[in-house]
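Visitor: Okay, sequence plus prediction incoming.
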Amino acid sequence: MKNSNSQLSHVDQDGKAKMVDVSEKAITQRTATAQSIVKFPETVFKTLSADNFLGKKGSIIQTAIIAGTMAAKKTSDLIPLCHPLALSKIQIDITPETNQLKILSSVKCEGKTGVEMEALTAASVAALTIYDMCKALSHDIIISETKLMAKEGGKHVFNR
């Protein structure tokens, strides 16, 4: 279901930035899943695959999972109008596909506001970490399709 709200939630009637007041909202279980894709030149992907995605700095995939997990926990420090949340679950899966790595991040909490930004931040930082660990092989690595895949627990349910 699409969000049909035509008002920006983080802007007041005078056009000033504001944090959304969630004090009257009910505490519910909130979940969100986001993805990001890291695309590699074919020769680079073959090299990485042959080495089981291990680089000089260590496991590319495991390092990206840790970075994404840390980023999800720091989302409110990075994005100014996000509420700090007590996250109960962060799951990041990174799957090799043809010449790319697909990152799926799922985040859960019990709270008054959703975890979409935490899921998107986790996927984004995991992708940036992969880029950082692989850039010595090529600068033709492309991060793409960072997007929300699903969310539940608030007024709006979303499934891509």
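Guide: Cool, the structure landed. All values reported here derive from a predicted model rather than from experimental measurement.
Visitor: Show the contacting residues for the closest residue to residue 142 other than its chain neighbours.
Guide: Of all residues not flanking residue 142 in the chain, residue 39 sits nearest, at 4.4 Å (Cβ to Cβ, 6 or more residues apart in numbering). Where C-beta positions appear, they are placed from N, C-alpha and C, glycine not excepted. Residues counted as contacts of residue 39 (Cβ atoms under 8 Å, 6 or more residues apart in numbering) are 99-100, 141-144.
Visitor: try it again with 10 Å
Guide: Taking Cβ atoms under 10 Å, 6 or more residues apart in numbering, we find residue 39 in contact with 45, 97-102, 140-145.
Visitor: again with residue 95
Guide: Remark: with contacts taken as Cβ under 10 Å, 6+ apart, residue 95 is in contact with 61, 101-104.
Visitor: at 8 Å instead, please
Guide: Residue 95 touches 101-102, 104, counting by Cβ under 8 Å, 6+ apart.
Visitor: Output those as JSON lines; include the columns secondary structure.
Guide: Putting the contacts of residue 95 into JSON lines (DSSP: H, G, I helix; E, B strand; the rest coil) gives the following:
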{"residue": "101", "secondary structure": "strand"}
{"residue": "102", "secondary structure": "strand"}
{"residue": "104", "secondary structure": "strand"}
